[in-house]
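Novice: With the input below, show me the fold.
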Amino acid sequence: MAKFTSWDGLELNYRVWEGEGMPVVLQHGIVADTNANWMSVGVVAALHTAGHHVISLDARGHGRSEKPHDPARYSWHAMADDVRALYDHLGLDEVAQVGYSMGGIISILVAQADARVRKLAVGGIGSGVVDCGGIDWRVINAEDIVTAMRGDGSGTVEQARMFRMLADVLGADREAIAALAGGLNEAPIKSVADITVPALVLAGDADPFAAEPERLAAAFPNAKLAVVPGDHLVATTDPGFSAALVEFLA
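Specialist: Numbering: from 1, shown residues only. So this is what the prediction gives:
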């Protein structure tokens, strides 16, 4: 594990597994971190076994990174700029950018802004990107997450309670997650038609946040689709998830 100072002074944590070829940069989903989203489910092991040089970033507000409680310190573009700042810090000339859920939206924004992204893989998102410009707020909205993170977590929708339970299991800073949700209440993506690099859309077949993933895949000029069993929390645990990612990055 290592830390670096991002573009606005926040100290962020990242981890590197040495390997060959183009680096694979991982960005996790909301509430999760490098361990929960990538290591514990076998994704890092699968990539590293295949010989890849793997890098994973704990997003601001998550894991071992700094966790401000001010919503003004969070935005989609700020978090995309964190990823690009990590590229700069490590001197990366080309990368395969991989993101899940919140990290998928961030990864799309990075790919749109940075020519160093040569491949893009996103999971846990679907037609919400096309119809809502990002996270599918038809399933859940930012205020639902804010409410779930405060008090006893009651009085909110089922999907938000899922994130509250995950936060408690992981020992996440719930006030930081509430601040982040308040700062991400926007639709940052107008289109993905400008992302011409090879792309992969990964989705669980029972994931409401990744509904109609074929529509997202079709919106990219050059994308493949892989659907695996599972909902939003368990799709990454299916061996087919890691296998599809390894095959795409080969």
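
Novice: switch to C-alpha atoms for all contacts and neighbour counts from now on
Specialist: Noted.

Novice: Now the top helix by length along the chain: buried residues?
Specialist: Using DSSP state H to define each element, the chain has its longest helix at helix 76-90. By 16 or more other Cα atoms under 10 Å, the buried positions in helix 76-90 come out as 76-87.

Novice: and which of those residues is nearest residue 182?
Specialist: residue 76 (11.2 Å; Cα to Cα).

Novice: The residue nearest the centre of the chain is in what secondary structure piece?
Specialist: Residue closest to the mean C-alpha point of the chain, counted by Cα atoms, centre = their mean, is residue 103 at 1.5 Å. Element membership of residue 103, judged by DSSP states H and E, is helix 102-113.

Novice: helices and strands around that helix, which ones?
Specialist: strand 20-27, helix 76-90, strand 95-100, strand 117-123 (3 or more Cα pairs under 8 Å, 6 or more residues apart in numbering; DSSP states H and E).

Novice: any idea how far the third one is from the chain center?
Specialist: Relative to its parent chain, strand 95-100 has a centroid offset of 8 Å by Cα atoms, centre = their mean, to the nearest Å.

Novice: Could you do the longest one as well?
Specialist: What separates the centre of helix 76-90 from the centre of its chain is 13 Å, taken as Cα atoms, centre = their mean.

Novice: All further residue positions should be reported with the first residue as 46.
Specialist: Taking 46 as the first residue, the last one we looked at is helix 121-135.

Novice: quick one: contacts of that helix?
Specialist: 49, 51-52, 102, 104-105, 138, 150-152, 154-155, 159, 229, 233 (Cα atoms under 8 Å, 6 or more residues apart in numbering).

Novice: Show me which pair in those residues is furthest apart.
Specialist: 138 and 229 (28.8 Å).
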